[in-house]
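Engineer: Show me the folded form of this:
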Amino acid sequence: MLILTLNAGSSSLKFNLIEMDTETSQADGIAERIGIAGGGIVKWTIHGEKGSENKHLEDHKDALKTIMGDLRKHALKDRDVAGVGHRVAHGGSLFSDPILITPEVLKEIEALSPLAPLHNPANVHGIETAMELFHKKPQVAVFDTAFHHTIPDYAYTYGLPLELCKKHGIRRYGFHGTSHRYVAERTAVLLAKPLDSLKIITCHIGNGSSITAVSHGNSIDTSMGLTPLEGIIMGSRSGSVDPGALITLMSKEKLNANGLSTMLNKQSGLLGISGHSSDMREVEEGMLEDDRARLAFEVLGYGILKYIGAYAAAMDGVDAITFTAGVGENSPVLRSWICLRLQHLLGVHIDESHNELRAKTDRIISTSKSRTAICVVPTNEELMIARYTSKLIEG
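Structural biologist: All right, here's what the predicted structure looks like:
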């Protein structure tokens with residue numbers, strides 16, 4: 001069975017074609033600069049061979065037609081996809097599991113757009129496009145928020161008037177749930193123990209970052225909240241900020257809601273502190289000579305450290321801490337900085353030779369004397385989406 005996964009952004013469309021018999025990717029890539037003057041580009045890797053095509057992409061429909069043309073030519077041959085799985089950012093309190101998409105479900109996803117204005121509208125557009133091109137194929141929505149539906153009320157409730165929170169659906173929802181679930185499951189395999197016997201802290205650190213406490217297979221707390229802004233600093237997102245500071249900035253800088261949103265989402269985080277880059281690699285390269293780069297690195301590291309300590313307390317212990325996503329998987333410097341500061345609290349000891357290893361494989365980087373296992377697991381959200389999609393298709 002072949003499953004196509006799609007992740008639609010406002011001007012991009014990521015795709016992955018997965019053979020479910022072997023759970024291997026046959027092709028993946030991205031269409032970028034959709035609807036932008038000056039032309040778009042579709043980049044792909046098909047059976048290990050890289051390629052690209054420059055052309056004007058009028059809209060997501062045009063982009064998906066181009067993608068499917070390339071897939072039919074190089075990957076599908078005489079086969080066809082059995083179904084399409086869509087990554088959807090926000091499922092609100094309504095969607096706690098993946099679901100087959102109907103017109104009614106699509107309306108509900110669209111109605112949740114105020115909770116994720118940068119993501120859900122693009123996701124809806126991607127679904128509409130796929131439904132038009134694959135009108136006889138089942139479509140499945142997999143929600144970033146779904147894994148976090150097990151968070152207890154005392155952990156998802158904000159200190160605001162409860163009536164207003166219930167009226168407007170304001171609470172902690174969390175994101176990256178598909179990644180956190182996959183990484184927790186892989187960590188249990190690494191440790192050769194049942195997932196429901198473990199307490200794991202999963203650290204999804206990338207351009208967008210979140211940390212989750214996974215107790216016996218369930219998410220019990222996570223760093224992102226109503227939106228993907230809360231928590232630690234990210235590439236260009238602020239993370240948690242004193243609301244009073246935001247009120248002050250709105251007043252002093254004459255910012256309206258849109259201006260504040262732009263500042264918090266696109267001008268803050270590593271970029272705002274370092275003054276020059278949202279890329280962790282560039283921050284690390286510059287931090288020995290540039291004090292602002294050093295500060296950005298340490299603000300991020302210290303934020304991760306605090307969440308790990310808090311979640312270890314919330315779960316009354318921790319068996320493993322697992323790093324994933326672009327920065328989590330590829331920054332031995334950050335992992336070492338954090339783990340060095342966890343030696344006394346959690347008995348953490350890492351093997352620096354294992355920590356320095358760059359590989360696309362699951363691995364334990366702690367030593368045998370470490371009380372808490374430290375792991376690195378490359379995330380695979382597309383595979384999880386494909387698994388959910390194939391399960392629902394098979395009934």
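Engineer: In terms of helices and strands, where is residue 4?
Structural biologist: For residue 4, the host element (DSSP states H and E) is strand 2-8.
Engineer: what's the neighbour count on residue 170?
Structural biologist: Neighbour count for residue 170, taken as other C-beta atoms under 10 Å: 17. For glycine as for every other residue, the C-beta is placed from the backbone atoms N, C-alpha and C.
Engineer: Residue 328: neighbour count?
Structural biologist: Neighbours of residue 328 (other C-beta under 10 Å): 25.
Engineer: Can you give me every residue that contacts it?
Structural biologist: Contact partners of residue 328, counting by C-beta atoms under 8 Å, 6 or more residues apart in numbering, are 203, 204, 205, 206, 334, 335, 376.
Engineer: Buried among these? Make that a ChimeraX selection.
Structural biologist: Burial among the contacts of residue 328 is assessed by 16 or more other C-beta atoms under 10 Å; the matching ChimeraX selection reads:
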select :203,204,205,206,334,335,376
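Engineer: What pairs with the strand holding residue 4, parallel or antiparallel?
Structural biologist: Its sheet considered, strand 2-8 pairs with strand 13-19 (antiparallel), strand 83-88 (parallel) by DSSP bridges.
Engineer: Would you mind finding the most buried of these?
Structural biologist: The highest mean neighbour count among these, using mean count of other C-beta atoms under 10 Å, belongs to strand 83-88: a mean of 26.
Engineer: Now do the helix or strand just after it: which elements does it pack against?
Structural biologist: Helices and strands here follow DSSP H and E; after strand 83-88, the next one along the chain is strand 99-100. Counting contacts by 3 or more C-beta pairs under 8 Å, 6 or more residues apart in numbering; DSSP states H and E, strand 99-100 packs against strand 139-143.
Engineer: How about residues contacting the strand it packs on?
Structural biologist: Applying C-beta under 8 Å, 6+ apart, the set of residues contacting strand 139-143 from outside is 83-91, 95, 98-101, 105, 109, 127, 130-131, 177-178, 384-385, 388-389, 392-393.
Engineer: partners of that strand, with directions?
Structural biologist: Strand 139-143 sits in its sheet next to strand 83-88 (parallel), strand 99-100 (antiparallel), going by DSSP bridges.
Engineer: and the longest strand seen in the chain, what does it pack onto?
Structural biologist: Counting residues, the longest strand found in the chain (DSSP state E) is strand 24-32. Other helices and strands packing on strand 24-32, by 3+ C-beta pairs under 8 Å, 6+ apart, are strand 13-19, strand 40-46, helix 60-71, helix 381-393.
Engineer: Could you check how far that strand is from the centre of its chain?
Structural biologist: The chain centroid and the centroid of strand 24-32 are separated by 17 Å, computed with C-alpha atoms, centre = their mean, to the nearest Å.
Engineer: for that strand, what is the average pLDDT?
Structural biologist: In this model, strand 24-32 has a mean pLDDT of 92.
Engineer: With stretch 289-305 instead?
Structural biologist: Averaged across stretch 289-305, pLDDT comes to 97.
Engineer: May I see the buried residues of it?
Structural biologist: Buried residues in stretch 289-305, counted by 16+ other C-beta under 10 Å: 290, 293, 294, 296, 297, 299, 300, 301, 303, 304, 305.
Engineer: which residues touch that stretch?
Structural biologist: Residues contacting stretch 289-305 (C-beta under 8 Å, 6+ apart): 203, 205, 211, 231-233, 239, 270, 273-277, 280, 282-288, 334, 337-338, 341-342.
Engineer: sorry, back to before: which one of the strands paired with strand 139-143 lies closest to residue 160?
Structural biologist: Evaluated with C-beta to C-beta, the strands paired with strand 139-143 place strand 83-88 nearest to residue 160, the distance being 25.9 Å.
Engineer: So what touches stretch 55-73?
Structural biologist: 4, 6, 8, 13, 15, 17, 27, 29, 31, 33-35, 39-42, 44, 46, 51, 53, 125-126, 129-130, 132-133.
Engineer: Do a quick rundown of the strands in the chain.
Structural biologist: 2-8, 13-19, 24-32, 40-46, 49-55, 83-88, 99-100, 139-143, 199-204, 210-215, 218-222, 320-324, 363-364, 373-376.
Engineer: Compute the distance between the nearest residue to residue 347 once chain neighbours are set aside and residue 249, please.
Structural biologist: In space, and not counting its chain neighbours, residue 347 is closest to residue 371: 2.8 Å by C-beta to C-beta, 6 or more residues apart in numbering. Separation of residue 371 from residue 249 (C-beta to C-beta, to the nearest Å) stands at 43 Å.
Engineer: Kindly report the same for residue 190.
Structural biologist: Taking C-beta to C-beta, one finds residue 190 at 44 Å from residue 249.
Engineer: The spatially closest residue to residue 189 that is not a sequence neighbour: what's it in contact with?
Structural biologist: Spatially, and ignoring its direct neighbours in sequence, residue 189 is nearest to residue 362 (7.4 Å; C-beta to C-beta, 6+ apart). By C-beta under 8 Å, 6+ apart, the residues touching residue 362 are 186, 189, 190, 375, 376, 377, 378.
Engineer: Closest one to residue 120 out of those, please.
Structural biologist: residue 378 (26.9 Å).
Engineer: so what's that closest one up against?
Structural biologist: The neighbours of residue 378, taking C-beta under 8 Å, 6+ apart as the test, are 324, 329, 360, 361, 362.
Engineer: Report the buried members of the contacts of stretch 289-305.
Structural biologist: Buried among the contacts of stretch 289-305 by 16+ other C-beta under 10 Å: 203, 205, 211, 231-233, 239, 270, 273-274, 277, 280, 283-284, 286-287, 334, 337-338, 341-342.
Engineer: Just give me the neighbour total for the residue nearest to residue 312 when sequence neighbours are not counted.
Structural biologist: Nearest non-adjacent residue to residue 312, counting by C-beta to C-beta, 6+ apart: residue 318, 4.5 Å away. Residue 318 has 26 neighbours, counted by other C-beta under 10 Å.
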